[in-house]
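1. Got a sequence here, can you build the structure:
(chains A and B)
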Amino acid sequence: NAGVTQTPKFRILKIGQSMTLQCTQDMNHNYMYWYRQDPGMGLKLIYYSVGAGITDKGEVPNGYNVSRSTTEDFPLRLELAAPSQTSVYFCASSYPGLKNTEAFFGQGTRLTVV
Amino acid sequence: QKEVEQNSGPLSVPEGAIASLNCTYSDRGSQSFFWYRQYSGKSPELIMFIYSNGDKEDGRFTAQLNKASQYVSLLIRDSQPSDSATYLCAGSGEYGNKLVFGAGTILRVKS
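-> Residues are numbered from 1 along each chain as shown, chains lettered A, B, ... in the order given. Here you go, the predicted structure:
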């Protein structure tokens, strides 16, 4: 059972370049999330989705875009990379529900913008 | 005001002591609360969740929720050096959709 899979695990980008962080889950979860974690800090929500075709902004959406064409996939697009986007990015997924909405996390993507 | 707030620590406790981690939240519509543990360089992993007022115990861990005071806590009894990690508090949105995390509290258990 793969769970939540993120690719790539590491990436170095130059300022102004673009890239897509891939995230896929095989648990048929409706909810998916993208977080970033700066060194020594907690998780900040970038975007989230409650189902295919539906996305919404989180706390720090600027500089990012997402799409959700299928239940399984939730890619995160960085346009015009900036040093401030250097961070570890985590994708997560969960079942819908008001109570036990445990989130399962991918292994993370460590991104450096130079 | 941040939606979920935690003291960043570090919180240092001796081995065998009780570690008390606290969290407050601003969204009164939040339904459920989660405590995740994150080791350095790793993904967060769920320790406990709670959605009813009161205490919930699981082994050495006890989660406490007070919705009137908008306060969540995690007690770790008989703390071990292996408990040293960052502990993240999270709350779900009013409709159980948006999972928002606090900044995390660093716990150090000294042997």
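2. List the beta-bridge partners for the residue nearest to residue B:7 when sequence neighbours are not counted.
-> Nearest non-adjacent residue to residue B:7, counting by Cβ to Cβ, 6 or more residues apart in numbering or on different chains: residue B:105, 5.7 Å away. (C-beta placed from N, C-alpha, C; glycine too.) Beta-bridge pairing of residue B:105 under DSSP bridges involves residue B:87.
3. pretty sure residue B:105 contacts residue B:8?
-> Yes: with contact defined as Cβ atoms under 8 Å, residue B:105 counts as touching residue B:8 (6.3 Å).
4. Checking my notes, residue B:82 in a helix, right?
-> Yes: Residue B:82 forms part of a helix when assessed by DSSP: H, G, I helix; E, B strand; the rest coil.
5. Look up how far residue B:109 lies from it.
-> Separation of residue B:82 from residue B:109 (Cβ to Cβ, to the nearest Å): 8 Å.
6. Next to chain A in this structure, residues from chain B, please.
-> Neighbours of chain A within chain B, by Cβ under 8 Å from any Cβ of the partner chain: B:6, B:31-32, B:34, B:43-46, B:49, B:51, B:86, B:88, B:90, B:92, B:95-104.
7. For PyMOL, write a command that selects the buried ones of those.
-> Applying 16 or more other Cβ atoms under 10 Å in any protein chain shown to those leaves a buried subset, and the PyMOL line that selects it is:
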select buried, chain B and resi 6+31+32+34+43+44+49+51+86+88+90+92+96+97+98+99+100+101+102+103+104
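8. now, which of the residues of chain B next to chain A lie within helices?
-> In helices, judged by DSSP state H, none of the residues of chain B next to chain A are found.
9. can you pull the pLDDT of the nearest residue to residue A:42 once chain neighbours are set aside?
-> When the adjacent residues along the chain are set aside, residue A:42 lies closest to residue B:103, with 3.7 Å between them (Cβ to Cβ, 6+ apart). At residue B:103, the model reports a pLDDT of 89.
10. For residue B:9, see how far away residue B:103 is.
-> Plainly put, residue B:103 is 10 Å away from residue B:9 if you go by Cβ to Cβ.
11. can you list the residues of chain A near chain B?
-> Checking chain A against chain B by Cβ under 8 Å from any Cβ, the hits are A:31, A:33, A:35, A:41-45, A:48, A:50, A:56, A:58-59, A:90, A:92, A:94, A:96-103, A:105-108.
12. who touches the residue nearest the centre of chain A in this structure?
-> Per Cα atoms, centre = their mean, the C-alpha nearest to the average position across chain A is that of residue A:34, at 2.8 Å. The contact partners of residue A:34, by Cβ atoms under 8 Å, 6 or more residues apart in numbering or on different chains, come to A:21, A:23, A:45-48, A:58, A:64, A:66, A:74, A:76, A:89-91.
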